[in-house]
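Participant: Below: sequence and its predicted model.
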Amino acid sequence: MSAAFRKAQKSVQRSHRERSQPGFRKRLGFLEKKRDYKLRAQDYHRKQNTLKALRQKALDKNPDEFYFRMTNTKLQDGVHIIKQSKEEATEEQLKIMRTQDVKYVEMKRVAEAKKIERLKSELHLLEADGKPPNKHIFFCQSKKEVQEFDLAKRLNTVPELVDRVYNRPTIETLQKEKIKGVTNPQDLEKLARQRKHQYSLLKQHIEREKKMFVVGQKIQTRKDLMDKTPKVKVKKETVNSPAIYKFQFQRKR
């Protein structure tokens with residue numbers, strides 16, 4: 001084997017080493033090698049390509065374009081923020097749905113509905129303070145009749161009962177029969193307090209019945225979702241209404 005060929009062999013050749021940072025340049029930090037430059041160059045070109053693609057995407061964008069995510073985002077200080085969805089259920093509703101069955105909730109709702117019907121039958125559904133919810137219009141023939149108009153005389157009752165819209169007997173009825181608590185102010189105040197309390201109870205029962213109805217619908221919806229039938233969500237769940245799904249029709253034998 002010739003001497004020239006022996007010198008050309010890889011095993012004999014000395015590996016090339018890049019020089020290190022000279023001692024008088026240590027204050028300048030690490031001396032960049034070729035492999036470091038390659039990594040830095042690749043990172044730089046990757047960032048430049050990303051900026052170029054985003055710039056081209058912005059130029060090609062249609063200003064009239066619409067996509068549904070726009071309805072759930074808003075621009076705040078130049079940053080797109082996703083809007084927080086409303087609370088789907090209250091803590092009380094979640095507690096009932098986790099612990100009770102739909103049959104129990106329906107039973108409680110029916111009980112509240114019966115209480116509402118009983119309270120409605122006992123009350124006349126008038127204003128709690130005794131004032132009419134609407135106006136009673138009287139027609140007169142002349143201006144003189146308007147000036148001399150007497151409401152108690154027109155209603156044929158005593159002046160003390162003019163402001164009442166319930167249990168307002170006429171003068172003939174008062175003369176024939178003795179009605180308890182009509183002219184006594186203390187009895188009138190007591191009846192007004194009782195009536196106001198009854199209307200307050202009626203309002204509470206109506207609100208409770210609505211809550212039970214919503215909870216029952218939500219529990220039933222969750223049970224229906226256990227079915228593997230293909231479905232599409234039409235409306236999201238809210239505090240006052242359950243979610244609405246559209247199930248694919250399947251013919252069953």
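Facilitator: Perfect, I can see it now.

Participant: how deep is the closest residue to residue 102 other than its chain neighbours tucked in, by neighbour count?
Facilitator: Residue nearest to residue 102 in three dimensions, not counting chain neighbours: residue 219, with 4.4 Å by CB to CB, 6 or more residues apart in numbering. (C-beta placed from N, C-alpha, C; glycine too.) Residues lying near residue 219 (other CB atoms under 10 Å) number 22.

Participant: can you map out the strands along this structure?
Facilitator: Secondary structure of the chain (DSSP state E): strands at 73-76, 79-82, 231-235, 244-247.

Participant: Dump those into JSON lines; add mean pLDDT and distance to residue 199 as well.
Facilitator: Shown next, in JSON lines, are these (pLDDT from 0 to 100; distance: least, CB to CB, whole Å):
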{"stretch": "strand 73-76", "mean pLDDT": "83", "distance to residue 199": "43"}
{"stretch": "strand 79-82", "mean pLDDT": "82", "distance to residue 199": "44"}
{"stretch": "strand 231-235", "mean pLDDT": "81", "distance to residue 199": "34"}
{"stretch": "strand 244-247", "mean pLDDT": "84", "distance to residue 199": "34"}
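
Participant: Residue 45 is nearest to which of those strands?
Facilitator: Proximity to residue 45 (CB to CB) singles out strand 79-82 among these, at 27.8 Å.

Participant: The closest one - contacts with which helices or strands?
Facilitator: Using 3 or more CB pairs under 8 Å, 6 or more residues apart in numbering; DSSP states H and E, the elements in contact with strand 79-82 are strand 73-76.

Participant: Quick check: buried residues in the strand it packs on?
Facilitator: Within strand 73-76, no residue is scored as buried using 16 or more other CB atoms under 10 Å.

Participant: What of stretch 140-158?
Facilitator: Per 16+ other CB under 10 Å, stretch 140-158 contains these buried residues: 155, 157.

Participant: Quick one: residues in contact with it.
Facilitator: 138, 159, 162, 168-172, 174, 183 (CB atoms under 8 Å, 6 or more residues apart in numbering).

Participant: likewise stretch 14-30?
Facilitator: 31, 33-34.
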